[in-house]
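[1] Quick check, what structure comes out for this input:
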Amino acid sequence: MTATTETTPKPSINVTPLIDVLLVMLIIFMVAAPLKPSRFAAKLPSEPDHQKAAPNPKTLVVTIDPDRTLKLNGLSDMGTVDDTSKLSMKLVSLFQERTKNRVYRDELLARLDLPEELRIERTVFIKAPRGIPYGEVVRVMDGLKGAGAEPIGLQLDDLK
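    Numbers count the residues shown, from 1 in each chain. A predicted model of the protein is given here:
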């Protein structure tokens, strides 16, 4: 070995400034942690006025009865959970009529930058009893999607 390699110091990292930075960050987080909200604030609806509000005429509600038959806004004989073809045909004709009459979704009424097909009101809600199997509700949802419904919402059977 030569004399220059023996006297050359080995490189090492000075970690003292890193520990100082870590300590400062730890103090900042300890001070900021109590300022974070510790619970989730939910906005609950107020008590309902016992006045009857007229339902929106654009609202479509598919009701699944306990005997697995389907209704659309109270119209009976829309098929069953296993055969949603009558319901799908009714929805397709209804959506075509809405396209012809230009019945737009309220939030997309002024959105002229979107194509008309996307602005048409096609929202459908499913109202089913709690005891019905999940797979049967999904089968109805598939039929609604096939008819062009979008979005599809779920409604509890206790709500009117």
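
[2] CA only for contacts and neighbour counts going forward, please
    Will do.

[3] Leu70: neighbouring residues, count only.
    28 (other C-alpha atoms under 10 Å).

[4] now do Glu136
    15.

[5] hang on, it packs against Val81?
    Yes - contact criterion C-alpha atoms under 8 Å: Glu136 and Val81 qualify, at 6.3 Å.

[6] can you list residues touching both of those two?
    Listed as contacting both Glu136 and Val81 by C-alpha atoms under 8 Å, 6 or more residues apart in numbering is no residue at all.

[7] Lowest average confidence across helices and strands of the protein, where is it?
    Here the helix or strand of the chain ranked lowest by mean pLDDT, DSSP states H and E is helix 3-7, holding a mean of 66.

[8] what's the following helix or strand after that one?
    helix 16-32 (DSSP states H and E).

[9] got a list of contacts for the helix or strand just after that following helix?
    Using DSSP H and E, the helix or strand that follows helix 16-32 towards the C-terminus is strand 60-64. With C-alpha under 8 Å, 6+ apart as the test, strand 60-64 has contacts from 70-74, 81, 123-129.
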